[in-house]
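S.K.: Sequence below, structure please.
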Amino acid sequence: MPINEQTDQYHKASIALHWLMLVLFISVYATIELRVLFEKGTEMRDFMKSLHFMLGLTVFATVWLRLAMRMKHPVPPITPAPPAWQEMLAKMAHVALYALMIGMPLAGWLALSAAGKPIPFFGLELPALIGANKELAHQIKEVHEFVGTLGYFLIGAHAAAALFHHYVKRDNTLLRMLPGKTQ
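M.R.: Have a look, this model is predicted:
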């Protein structure tokens, strides 16, 4: 599809990446939350933490594909068009979501690096981004956890806005991102 062609829906690859990212977010959050079901030092708890790290890094890799798709294919217009303030708010929310998808995995990678811990990635060990520094590792971890908590609200607000547009405003905001239509 040429870059200047407009459709009423996102490109199929963008839709697939969007929903894949949702599954990854659920998995990242689930693994870190569920780790507490297992005692410290147990194999299962360590597995959950490793899976959290690896899935977070998968988010980091996937977000670049999403950004490439967003640059290559135009964003379909919302019909009927929302007020300018809503469009601005939506753009700010999307910037925040992309910052979350890039910043959180990087912060996790930096925290592991500063803690002098291995950075697992599905059978590989990624290099440390910075040298060991336990105090810095603690500070980065605190920020990572705080922003992770904010992420719950940001993702929830994103979903709530889509549902609001669909059921209250009755525009095509949600329909643009649902799979099933032909491009």
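S.K.: going forward, measure contacts between C-alpha atoms and count neighbours the same way
M.R.: Will do.
S.K.: which residues touch the residue nearest the centre of the chain?
M.R.: Nearest to the mean C-alpha position of the chain, by Cα atoms, centre = their mean, lies M101 at 3.8 Å. M101 is in contact with 59-60, 63, counting by Cα atoms under 8 Å, 6 or more residues apart in numbering.
S.K.: Top of the residues you listed by number of neighbours, please.
M.R.: Among the contacts of M101, the one with the most neighbours (other Cα atoms under 10 Å) is V59, at 23 neighbours.
S.K.: doesn't M21 make contact with it?
M.R.: Yes - shown here, V59 and M21 form a contact pair, counting by Cα atoms under 8 Å, at 6.8 Å.
S.K.: so where's this structure uncertain?
M.R.: Scanning the chain for pLDDT under 70 picks out the ranges 1-6, 181-183.
S.K.: helix, strand or coil for G131?
M.R.: coil (DSSP: H, G, I helix; E, B strand; the rest coil).
S.K.: what about it, distance to M104?
M.R.: Going from G131 to M104 by Cα to Cα, to the nearest Å gives 19 Å.
S.K.: Please apply the same query to A160.
M.R.: Applying Cα to Cα, the value for A160 to M104 is 22 Å.
S.K.: Settle it for me: which of these two has more neighbours?
M.R.: For the pair A160 and M104, the greater number of neighbours falls to M104 (22 against 12), based on other Cα under 10 Å.
S.K.: Please list all residues in contact with the more buried one.
M.R.: Neighbouring residues of M104 by Cα under 8 Å, 6+ apart: 56, 144, 147-148.
S.K.: for it, phi and psi?
M.R.: Backbone torsions for M104, taken as degrees, to the nearest 10, come to phi -70, psi -50.
S.K.: what's the distance between it and F25?
M.R.: 11 Å.
S.K.: Please apply the same query to F121.
M.R.: 17 Å.
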